[in-house]
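# Fold the following for me, if possible:
(2 chains)
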Amino acid sequence: MFVTTYASDESKIFPYPVNKVVLENGLTLISIPYESPGIVAYYTVVRTGSRNEVEIGKSGFAHFFEHMMFRGTEKYSAHAYNDAVKKLGSDANAFTDDDWTAYHLVASSSALETIMDIESDRFKNLKYAEEDFKTEAGAIMGEYNKSYSNPMLSMFEKLQDAAFTTHTYKHTTIGFLDDIKDMPNQYNYSLQFFDRWYRPDNCFLVVVGDFDQTKLVDLTKKYYGDWKRGTAKRPEVPQEPPQTAEKVISMTWKTPTLPMLAIGYHVPAFNDREVDIPALDVLSQLYFSESSSLFQKLVVEEQLVDFVDGSYQNHRDPWLFVVLSRIKDKTNIEKVQNAIYAALDEAKTKPVSAEQLANVKSHMKYQFAMGLNNADAVAVTVGNYLQITGDHESINRIYQMYAKVSAEDIMTVAKKYFTKENRTILTLTQEDSK
Amino acid sequence: MKTTIFLLTIFLFMSTALSSSMRIVEMRSEKSPIITFRIQFRTGSINDVKGKEGINAFTAYLIAQGGTQELTYKQVIDKLYPWATQIDVVADKEVTTFIGETHRDHLDNFYKIFSDLILHPRFDVEDYNRLKEDGMNYLKTTLRGTNDEELGKQAMQGMLYENHPYGWTNVGTVQGITATTLEDIKVFYKTNYTQANLTIGIAGGYSKGLLERMKKDFASLPEGKNNVVELPKANPINDLEVTIVDKQSIATAISVGFPVSVTRADKDFYALMVANSYFGEHRTFNGVLMNKIRGERGINYGDYSYAENFIQDGGTRFMLPCVPRRQQFFSIWIRPTKPEDAHFSLREAIRELKKLCENGLTKEQFETTRDFLMNYSKLWVQTQNRRLGFELDSKFYNTEFFVDRLEKELKSMTVKDVNDVIKKHLQFKNAKVAIVAGNANELKEKILTNAESPIKYASKVPDAILEEDKDIVNHLLNINKGAIKIVPVNALFEK
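Numbers count the residues shown, from 1 in each chain, chains lettered A, B, ... in the order given. Below is the predicted model:
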């Protein structure tokens, strides 16, 4: 067992001390004392998401599997698990994203042992009948249906499908519709999926709040110490070749909607040691935040759109910087598109002022600090960086990189990534709109 | 092991009535580097001017997303941006709340802008034009077009409160927004943004000096008079009154509701919360509805019920504070199902409600639900911002802090109390049902004729469920055949 303690350090953005314990089976426990009297947030982070859905026909499986994790074990049936969670009065749920899956509870500190008992049990001993598996597939279809009336889901399906040729980011987390419909037939694959990914060397425990560290470590050894390392082969995620030509696609929508425009530029994977991603994050603020010239022009002054945004979301593999806008009138789509290109061209050629850069860096710093306003928020923030790099110190490193981003860096990344051949453009319009 | 969450308060609660008619709610915590403001006016969509439905929300947004007399909207954004502070507004039926939160490093500068927005709004014509279009687009495209779940809920509430001051969306109607001029908004502001309607909420690490300054600053508002609109009773409902919203859709969303005569001000409400939590606690597997419809049958993503108006607060699963109402309703939300499963799901929900009304809870069901709420409710107030919001709500209802009151009531509650309250306030025969469907005519016919609604499963299901299904597929719904109607989606929210 390896134990490390990182004291809080005022030079770092993350203000709390962090304890790190690695069990012999590879499971890492990250625990963070936080002033939330009597309350603890408990996250199990699995470094597997829709990115790992490599095999054909299996898109959406990581998310589906998240649902199956609530279907019980021999010791605690699904009902027994729910009863235990209910008895604790905890706020318990799970979510899946492109790169990770997280299972989380917020509950009384005095419930910690019960939580560790029921959580470890399902990660080690999940067992469900094929009938339950098929029934849960219906709930996935329901989840797809609930989101379907919003065109955003379909837009991202189309955008990712077009922008990626090889990498699994080609599909969204919920998966291709045909694969969702086929899920009831994938019981055997689900067993393989569990064996492959739900292993201690692929997971983190993140505990934040009011707890006793010694007791927490003892309980971790007690409940997770016998969890076996994974031996199944984990398929490599195919890497995306560079895009060499602009892709332009469009789609229509049958029910009332304003036109929408999405432009995706290929950008690298998250990296907290090189300047590209930090510079793109700062650029996102400079050119697409509410205080940017583009937002002011399109939303406030000319009032052509009701929102415009451009940003990169942290990903383990090369992903997209996505510019998204909803346009009030179909005849203005091209005008808006050109305004976005003009802003990105300006980013390539015109150095931003020291004051602009300082404002953005101040904004990012305060936004981060103010967001850590409860144990759950701290846990999910730490979990997010852990799943990307495996190291919670990435939080501090990325903010140290933000502080170093220069006007020159902004221009360099703008020139490097915001090129015609590197982008995929998608427009959505209402089917019968004039 | 029984575990209990204790609510350890680090705040000093104070509530002050001043010589003026404004009220102050304070939650001071010197350690907190964050300062939260919730400035609430007793004005809501019930105060909308006839023919200008939406003017309350329009005014509120024009204040929160506009400029001050000194600064344009752009200048306000530029000033706030480096501090990462944001100003939000929640404009509901009875109150409108401006929410600001800042780090203490910027408190003085932030307060100046925040208070100027409310006390000295710019009411710029360009901001007016922008927000008018946003409001119209929300009704015409977002609500009618791209959010069937919210559409169903709003349609149901519209039916529930027809010809009642709660009868239109908080944002208003298409015609109401169209008719509202900038001059109308200025008049509305002068009439309703008064000391008599004002409650100042503040929490965190602020100084006493700031509070004194606030009292003085907000005393510049006109004294005004309390303009609480008298509410008539909601119309009586005869049987199940069904409206099918005809809209192209691949799935069918269902909302069911009826008025209840209790609010957080009433003792019975807390027993009703227990009954509701057992029946359909929001986004958990605790509820009967969730277990029966999703858990056992995999029909959809979720099925819940509510003892009062419920809006989820962002990405949490907790209720949004600062949307209090003097009249409440009980509701059931069935998330979108495949069209062929909609009739079955409606039947199952009503059938389960009938069972709840007839059988109530067992002692064990009561105890586990009570214990759940005792702990879960402590999690509703994990941030000072939400806590301050619930404190304001308690002032509205003229009762003690919501979470404390709930705990107190739960401690003395018995299963008989809950079952008595179910008998008194819940029923399954008379309700408004809103269904958003792509097969409106077919569904109407099935409901009208009480046609059998068989269900197909992807796999073998336990015999007990199949047995139960035999009862559900023919369960007789108490449909008001004369009231069932199909409404094209574009007719909703028009006037």
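# By proximity to chain A, which residue of the stretch 51-200 of chain B wins?
Residue nearest to chain A within the stretch 51-200 of chain B: B:Gly145 (3.3 Å; C-beta to the nearest C-beta). C-beta coordinates here come from the backbone N, C-alpha and C atoms, glycine included.
# How about the contacts made by that residue?
Under the criterion of C-beta atoms under 8 Å, 6 or more residues apart in numbering or on different chains, the contact partners of B:Gly145 comprise A:149, A:253, A:255-257, B:489.
# Also B:Asp148?
A:149, B:247, B:249, B:251, B:253, B:336, B:436.
# quick one, phi psi at it?
Main-chain torsions, B:Asp148, degrees, to the nearest 10: phi -60, psi -30.
# related to what we said a few turns ago, taking the contacts of B:Gly145 together, which two end up most distant?
Pairwise distances across the contacts of B:Gly145 (C-beta to C-beta) peak at 14.0 Å, for the pair A:Trp253 and B:Val489.
# ok so, going back, pLDDT-wise, what's the bottom of the contacts of B:Gly145?
Lowest pLDDT among the contacts of B:Gly145: A:Ser149, with 79.
# Neighbours of it, how many?
A:Ser149 is flanked by 25 other residues according to other C-beta atoms under 10 Å in any protein chain shown.
# Now do the helices in the stretch 151-300 of chain A.
Residue ranges of the helices in the stretch 151-300 of chain A, as given by DSSP state H, counting those that start in this stretch, are A:151-163, A:177-182, A:187-197, A:213-224, A:276-288, A:293-295.
# Show me which residues of the stretch 301-434 of chain A sit near chain B.
Where proximity means C-beta under 8 Å from any C-beta of the partner chain, the interface of the stretch 301-434 of chain A facing chain B comprises A:301, A:303, A:306, A:328, A:358-360, A:362-367, A:369-370, A:373-376.
# Got the confidence number for B:Gly438?
94.
# does the spatially closest residue to it that is not a sequence neighbour count as helix, strand or coil?
Closest residue to B:Gly438 in three dimensions, ignoring its sequence neighbours and counting by C-beta to C-beta, 6 or more residues apart in numbering or on different chains: B:Ser249, at 4.2 Å. Put simply, B:Ser249 is coil when judged by DSSP: H, G, I helix; E, B strand; the rest coil.
# if I pick B:Ser249, what's in contact with it?
Going by C-beta under 8 Å, 6+ apart, B:Ser249 touches A:148-149, A:255, B:148, B:336, B:436-438.
# Columns distance to B:Lys267 and secondary structure on top of those residues, output as JSON lines?
Output for those, formatted as JSON lines (distance: C-beta to C-beta, whole Å; DSSP: H, G, I helix; E, B strand; the rest coil):
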{"residue": "A:Tyr148", "distance to B:Lys267": "43", "secondary structure": "helix"}
{"residue": "A:Ser149", "distance to B:Lys267": "40", "secondary structure": "coil"}
{"residue": "A:Thr255", "distance to B:Lys267": "45", "secondary structure": "coil"}
{"residue": "B:Asp148", "distance to B:Lys267": "37", "secondary structure": "helix"}
{"residue": "B:Pro336", "distance to B:Lys267": "37", "secondary structure": "strand"}
{"residue": "B:Val436", "distance to B:Lys267": "36", "secondary structure": "strand"}
{"residue": "B:Ala437", "distance to B:Lys267": "40", "secondary structure": "strand"}
{"residue": "B:Gly438", "distance to B:Lys267": "44", "secondary structure": "coil"}
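# got those as TSV, with distance to B:Thr383 columns?
Supplementary listing: those in TSV, determined by distance: C-beta to C-beta, whole Å:
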residue	distance to B:Thr383
A:Tyr148	33
A:Ser149	31
A:Thr255	37
B:Asp148	31
B:Pro336	31
B:Val436	34
B:Ala437	39
B:Gly438	40
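# What subset of those is buried?
Applying 16 or more other C-beta atoms under 10 Å in any protein chain shown to these, the neighbour count classes A:148-149, A:255, B:148, B:336, B:436-438 as buried.
# Format the helices of the stretch 151-300 of chain A as JSON lines; extra columns: mean neighbour count.
JSON lines is the format used below for those (neighbours: other C-beta atoms under 10 Å in any protein chain shown):
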{"stretch": "helix A:151-163", "mean neighbour count": "20"}
{"stretch": "helix A:177-182", "mean neighbour count": "16"}
{"stretch": "helix A:187-197", "mean neighbour count": "17"}
{"stretch": "helix A:213-224", "mean neighbour count": "16"}
{"stretch": "helix A:276-288", "mean neighbour count": "23"}
{"stretch": "helix A:293-295", "mean neighbour count": "20"}
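# In helices, which of the residues of the stretch 301-434 of chain A next to chain B appear?
A:358-360, A:362-367, A:369-370, A:375-376 (DSSP state H).
# Make TSV out of those residues and add neighbour count and pLDDT.
As requested, these are arranged in TSV below (neighbours: other C-beta atoms under 10 Å in any protein chain shown; pLDDT from 0 to 100):
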residue	neighbour count	pLDDT
A:Ala358	11	96
A:Asn359	20	97
A:Val360	25	97
A:Ser362	16	96
A:His363	20	97
A:Met364	22	97
A:Lys365	17	95
A:Tyr366	19	95
A:Gln367	14	96
A:Ala369	17	93
A:Met370	18	93
A:Ala375	25	96
A:Asp376	25	97
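# can you pull out the strands in the chain?
Picked chain A for this. Applying DSSP state E to chain A gives strands spanning A:2-6, A:18-22, A:28-33, A:39-46, A:91-96, A:101-108, A:203-209, A:247-253, A:260-267, A:305-312, A:319-327, A:423-430.
# oops, I was thinking of chain B
B:12-17, B:23-28, B:34-41, B:86-91, B:96-103, B:198-204, B:240-246, B:252-260, B:303-306, B:328-337, B:431-437, B:485-488.
# how does the chain divide up, domain by domain?
In the absence of a named chain, chain A is used. Domain segmentation of chain A under automatic domain parsing yields A:2-224, A:247-430.
# think we crossed wires, I meant chain B
B:12-147+B:158-218, B:240-491.
# Alright, that wraps it up for me.
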